[in-house]
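> Next one to model:
(one chain, ligands or ions: 1)
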Amino acid sequence: MNAPGSVVRTAPASSPEQVFDWLDEEAAKRAEAGLVRRLRPRTADVGELDLAGNDYLGLARDKRVAGATAAAALRWGAGSTGSRLVTGSTELHAELEHELARFTGAQAALVFSSGFTANLGAVTALSGAESAIVTDKYIHASLIEGCRLSRAEVAAVAHADPAAVRHALATRRRNRALMVTDSVFSVDGDLAPLPELAAACREQGAALLVDDAHGIGVLGEGGRGAVHEAGLADAPDVVTTITLSKALGAQGGAVLGPRRVIRHLVDTARSFIFDTGLAPGSAAAALTALGVLRAEPELATTVREAAGNLAERLGAAGFVVGAPAAAVVSVRAPTPEDAVGWAARCAELGVRVGCFRPPSVPDGISRLRLTARADLTESDLDKAVGVITETAPERARG
Ligand SMILES: Cc1ncc(COP(=O)(O)O)c(C=O)c1O
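Prediction:
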């Protein structure tokens with residue numbers, strides 16, 4: 001008998017055509033479990049009501065932001081031409097880093113090619129085999145990958161639970177420690193208790209890393225983010241990661257924090273050092289989006305109000321809806337198949353919604369994931385609520 005977890009060696013593939021046969025077996029298992037994913041390329045026209053994207057402030061198509069991308073590409077080139085430490089840093093990148101730090105209240109900022117690589121870089125460079133990492137169990141996949149690569153002692157604790165964090169930090173076996181959490185959780189849209197987590201970390205001599213991907217541009221004064229709102233933006237022991245690809249309507253990511261943390265990342269973060277720098281057009285778009293937010297700080301309030309409105313109306317229609325802390329509104333579906341069918345029926349009626357199911361949902365509960373935007377009109381909201389209600393599977397009402 002084989003030991004639990006051991007791998008049974010079967011006959012090796014006898015021809016090159018058979019080498020990937022195991023992929024078909026895995027695909028069949030995913031189909032059986034209702035977990036097949038499909039790409040649905042969209043057209044350039046805005047034909048449907050988009051409640052699935054993360055363009056929270058409606059800036060991705062804003063003429064100032066998109067125009068800045070085009071102008072920067074013509075001036076600096078379509079790509080950045082190299083890694084940030086070789087030829088991939090332009091004056092635009094430096095200006096964006098300066099402005100990101102000024103806007104969010106951090107000491108310094110470092111721009112990465114995506115939020116994913118920013119998280120990989122920050123988690124791995126700020127930990128290592130001599131460190132303990134304590135995470136909320138619902139953190140984003142990019143942070144989980146960072147933990148896996150870190151070689152640290154990792155403990156994932158109960159969701160949004162400062163007492164569990166305190167306990168895990170107090171019982172760690174490594175001297176150095178890092179606590180890792182999302183600010184706004186991407187699936188349910190709820191907010192981490194940042195002040196309490198920061199207090200637990202301080203008590204236990206640990207650093208706090210907050211992924212503010214869904215908070216930047218939406219939460220805090222004029223969209224300065226959840227970390228700013230919690231009064232932690234310039235704290236010596238707090239590091240924030242963000243994406244430029246959601247509320248800022250651009251593409252890319254960044255780490256914000258104490259100057260010495262940023263210097264350390266430049267020297268050691270492998271996803272920064274060995275990756276081509278962000279395209280100049282994306283840097284220009286993010287910079288322009290920050291300018292728009294400074295000029296129109298009410299955008300952040302507007303998107304939060306739209307999310308609250310959507311959640312309230314769907315709740316009144318009988319669905320199980322989480323209270324949105326930012327732009328993400330989550331609606332429970334009875335099963336993964338129900339969620340897929342529900343989202344498809346919404347799309348047929350011109351409303352695109354996100355569909356989350358295992359393994360992308362940490363708690364195993366399938367959901368429609370809706371995202372509000374600052375430019376949603378009253379009639380958009382009427383249409384969204386009407387279509388979601390009309391297409392709901394039986395048993396979706398709580
Ligand atoms: C919480 C969170 N962190 C990080 C990321 C990754 O950001 P990006 O899409 O810029 O790589 C995402 C985006 O999907 C996210 O939701």
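
> ok, Phe319 - contacts?
Contact analysis of Phe319 by Cβ atoms under 8 Å, 6 or more residues apart in numbering lists Val331, Arg332, Ile388, Ala392, Ala396, Arg397, Gly398. Every C-beta, even on glycine, is put in place using the N, C-alpha and C of the backbone.

> Just flag the most distant two among those.
Maximum pairwise distance among the contacts of Phe319 (Cβ to Cβ): 14.1 Å, between Ile388 and Gly398.

> and these two? which has more neighbours close in?
Between Ile388 and Gly398, counted using other Cβ atoms under 10 Å, the more crowded position is Ile388 (26 against 10).

> Against Glu305, how distant is the more buried one?
To Glu305, Ile388 is 19 Å away according to Cβ to Cβ, to the nearest Å.

> for Ser271, same thing?
Using Cβ to Cβ, Ser271 is found at 36 Å from Glu305.

> Look at those two and report which has more neighbours.
Using other Cβ under 10 Å as the criterion, Ser271 and Glu305 rank with Ser271 on top: 25 against 14.

> Just say helix, strand or coil for the more buried one.
Classification of Ser271 using DSSP: H, G, I helix; E, B strand; the rest coil returns helix.

> shouldn't it be in contact with Gly115?
No. Ser271 is beyond contact range of Gly115, at 11.0 Å (criterion: Cβ atoms under 8 Å).

> Which residues are in contact with Pro280?
Ala72, Ala73, Arg75, Trp76, Gly77, Ser80, Thr90, Leu92, His93.

> List the buried residues for the helix or strand encompassing the last one?
To tie it back to what came earlier, the one meant is His93. His93 belongs to helix 91-104 when assigned by DSSP states H and E. Within helix 91-104, the residues scored as buried using 16 or more other Cβ atoms under 10 Å are Leu92, His93, Leu96, Glu97, Glu99, Leu100, Ala101, Phe103, Thr104.

> which residues touch Pro336?
The contact partners of Pro336, taken as Cβ under 8 Å, 6+ apart, are Ala33, Gly34, Leu35, Arg357, Pro358, Ser366.

> In strands, which of the residues you listed appear?
The members of those all map outside strands under DSSP state E.

> Phi, psi for Ala254 please.
phi -160, psi 160 (degrees, to the nearest 10).

> ok, it to the ligand distance?
Noted for Ala254: a distance of 10 Å to the ligand, by Cβ to the nearest ligand atom, to the nearest Å.

> First-to-last residue distance for stretch 40-47?
Chord length of stretch 40-47, first to last residue, is 14 Å (Cα to Cα, to the nearest Å).

> again, but for stretch 218-237
Start and end residues of stretch 218-237 are separated by 24 Å (Cα to Cα).

> Can you give the distance from that stretch to the centre of its chain?
Its chain's C-alpha centre and that of stretch 218-237 lie 17 Å apart, by Cα atoms, centre = their mean, to the nearest Å.

> what do you get for stretch 44-61?
17 Å.

> Which positions within that stretch qualify as buried?
So, applying 16+ other Cβ under 10 Å, buried residues of stretch 44-61: Glu48, Leu49, Asp50, Leu51, Ala52, Asn54, Asp55, Tyr56, Leu57, Gly58, Leu59, Ala60.

> nearest to Ala28, of those residues?
Distances from Ala28 to the buried residues of stretch 44-61, taken by Cβ to Cβ, are shortest for Ala52, at 27.9 Å.

> What pLDDT is listed against that closest one?
Ala52 is assigned a pLDDT of 95 by the prediction.

> Ok, Ala3 next?
For Ala3, the model assigns a pLDDT of 63.

> What are the boundaries of the helices in the stretch 1-150 of the chain?
Using DSSP state H, counting those that start in this stretch, the helices of the stretch 1-150 of the chain run over residues 21-32, 63-76, 91-104, 115-125, 141-150.

> do the same with the stretch 151-300 of the chain
Applying DSSP H, counting those that start in this stretch to the stretch 151-300 of the chain gives helices spanning 162-170, 194-203, 226-229, 259-268, 270-273, 280-295, 298-316.

> Enumerate the positions of the longest one that are buried.
Residues of helix 298-316 classed as buried by neighbour count (16+ other Cβ under 10 Å): 299-300, 302-304, 306-307, 309-311, 313-315.

> and what of the fourth one?
Of the residues in helix 259-268, those buried by neighbour count under the rule 16+ other Cβ under 10 Å are Val261, Ile262, Leu265.

> got the contacts of Pro280 as JSON lines, with distance to the ligand columns?
Listed next are the contacts of Pro280 as JSON lines, based on distance: Cβ to the nearest ligand atom, whole Å:
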{"residue": "Ala72", "distance to the ligand": "18"}
{"residue": "Ala73", "distance to the ligand": "19"}
{"residue": "Arg75", "distance to the ligand": "24"}
{"residue": "Trp76", "distance to the ligand": "21"}
{"residue": "Gly77", "distance to the ligand": "21"}
{"residue": "Ser80", "distance to the ligand": "16"}
{"residue": "Thr90", "distance to the ligand": "19"}
{"residue": "Leu92", "distance to the ligand": "18"}
{"residue": "His93", "distance to the ligand": "16"}
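
> ChimeraX command to pick out the buried ones of the residues you listed?
A single ChimeraX command selects the buried members of these (16+ other Cβ under 10 Å):
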select :72,73,76,80,90,92,93
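
> Dump the contacts of Pro280 to JSON lines, plus pLDDT and distance to Leu149.
Formatted as JSON lines, these follow (pLDDT from 0 to 100; distance: Cβ to Cβ, whole Å):
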{"residue": "Ala72", "pLDDT": "98", "distance to Leu149": "32"}
{"residue": "Ala73", "pLDDT": "98", "distance to Leu149": "32"}
{"residue": "Arg75", "pLDDT": "98", "distance to Leu149": "36"}
{"residue": "Trp76", "pLDDT": "97", "distance to Leu149": "32"}
{"residue": "Gly77", "pLDDT": "98", "distance to Leu149": "31"}
{"residue": "Ser80", "pLDDT": "98", "distance to Leu149": "24"}
{"residue": "Thr90", "pLDDT": "98", "distance to Leu149": "29"}
{"residue": "Leu92", "pLDDT": "98", "distance to Leu149": "29"}
{"residue": "His93", "pLDDT": "98", "distance to Leu149": "25"}
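
> is it possible to export the contacts of Pro280 to JSON lines including distance to Ala233?
Conversion of the contacts of Pro280 to JSON lines gives the following (distance: Cβ to Cβ, whole Å):
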{"residue": "Ala72", "distance to Ala233": "27"}
{"residue": "Ala73", "distance to Ala233": "32"}
{"residue": "Arg75", "distance to Ala233": "32"}
{"residue": "Trp76", "distance to Ala233": "30"}
{"residue": "Gly77", "distance to Ala233": "33"}
{"residue": "Ser80", "distance to Ala233": "28"}
{"residue": "Thr90", "distance to Ala233": "26"}
{"residue": "Leu92", "distance to Ala233": "23"}
{"residue": "His93", "distance to Ala233": "21"}
